[in-house]
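Asks: sequence? don't have it. structure:
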């Protein structure tokens, strides 16, 4: 890591680096996208659209990284690996299947928690319906909307080295209640998990029943696991 650039390859002694600017929710205005393209072209970069709704710029030289960041005028997506790395959003406000415009709560979560230091790398997914576009059920924390336009929150998902489906924590929440529950989950995880322990592994260690009961009690919410649909 140098100037928030990750070493990618060493070929014939030559080192190339990559950077990933922070693009909240994966939404970017045309002028921002054009700037990324122009800067990447200037420094011989190659663009990669990532699964995390970001744009990786690779094939860069280490000595160019400070100038690249200055010209982009953007912040790095990830500064500390064991942190909240991303809040991924479906295009709910623009989708005919969406039950609720969830881009708002997604951006609130991103502004409040992006970069928060945690026991292990963590992702949040937000979706406006139970189709869960963006693989929300495989995220460490999921915020979704049911058919009745009420929120439900999941936790413990992982699509990585040890795949794990998420557990529903509770249903029937308002937007503000869902936001508060996510905050409680993050704080509880930060306080009680071991260093390097993924949220799903932490839940399995203490049991989903204890985890659910504890976070709901702290957040002053009721357990509701039954879907009416």
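Replies: Nice, thanks for sending it over. These numbers come from a predicted model, not from an experiment.
Asks: contacts and neighbour counts: CA atoms only from here.
Replies: Noted.
Asks: Which strands and helices lie in contact with the helix-or-strand element of the chain with minimal mean pLDDT?
Replies: Least confident helix or strand, the chain: strand 6-11 with a mean of 83, by mean pLDDT, DSSP states H and E. Applying 3 or more CA pairs under 8 Å, 6 or more residues apart in numbering; DSSP states H and E, one finds that strand 6-11 contacts strand 14-19.
Asks: buried residues in the strand it packs on?
Replies: 16, 17, 18, 19 (16 or more other CA atoms under 10 Å).
Asks: from those residues, which is closest to residue 81?
Replies: residue 19 (13.8 Å; CA to CA).
Asks: Who is that closest one paired with across the strands?
Replies: Counting by DSSP bridges, residue 19 is bridged to residue 57.
Asks: so what's residue 134 closest to, chain neighbours aside?
Replies: residue 90 (6.1 Å; CA to CA, 6 or more residues apart in numbering).
Asks: Roughly how far does that neighbour sit from residue 156?
Replies: Separation of residue 90 from residue 156 (CA to CA, to the nearest Å): 19 Å.
Asks: same question, residue 109
Replies: 17 Å.
Asks: If you count surrounding residues, which of the two has more?
Replies: residue 156 (25 against 21; other CA atoms under 10 Å).
Asks: The nearest residue to the more buried one once chain neighbours are set aside is in what secondary structure piece?
Replies: Distance criterion CA to CA, 6+ apart; nearest residue to residue 156, sequence neighbours excluded, is residue 200 at 3.7 Å. Assigned by DSSP states H and E, residue 200 falls within helix 199-206.
Asks: Can you give me the neighbour number for the residue nearest to residue 134?
Replies: Residue 90, neighbours per other CA under 10 Å, totals 26.
Asks: can you pull the contacts of it?
Replies: If you count contacts by CA atoms under 8 Å, 6 or more residues apart in numbering, residue 90 has them with 103, 126, 127, 128, 132, 133, 134.
Asks: In three-state terms, label the fifth one for me.
Replies: What that stands for is residue 132. With DSSP: H, G, I helix; E, B strand; the rest coil as the basis, residue 132 sits in coil.
Asks: likewise the second one?
Replies: In terms of secondary structure, residue 126 is strand; the call rests on three-state DSSP.
Asks: Surely it and residue 138 touch.
Replies: No: counting by CA atoms under 8 Å, residue 126 does not reach residue 138; the two are 11.3 Å apart.
Asks: hmm, back to that, out of the contacts of residue 90, which end up buried?
Replies: 103, 126, 127, 128, 132, 133, 134.
Asks: Just name the closest of the residues you listed to residue 188, please.
Replies: residue 126 (20.0 Å).
Asks: give me every residue that touches that closest one.
Replies: So residue 126 contacts 87, 88, 89, 90, 102, 103, 106, 132, 136, 142, 143, 144 (CA under 8 Å, 6+ apart).
Asks: Go ahead and name everything in contact with the helix or strand containing the second one.
Replies: Think residue 88. For residue 88, the element it lies in under DSSP H and E is strand 84-89. Strand 84-89 has contacts (CA under 8 Å, 6+ apart) with 24-26, 52-53, 77-78, 103, 106, 109-110, 113-118, 121-127, 134.
Asks: Tell me which other helices or strands the helix ranked longest in the chain touches.
Replies: Taking DSSP state H as the criterion, the chain has its longest helix at helix 175-192. Judged by 3+ CA pairs under 8 Å, 6+ apart, helix 175-192 is in contact with helix 103-113, strand 151-155, helix 208-219.
Asks: next SSE after the shortest one?
Replies: Just to be clear, that refers to strand 151-155. Beyond strand 151-155 toward the C-terminal end (DSSP H and E), the next one is strand 167-173.
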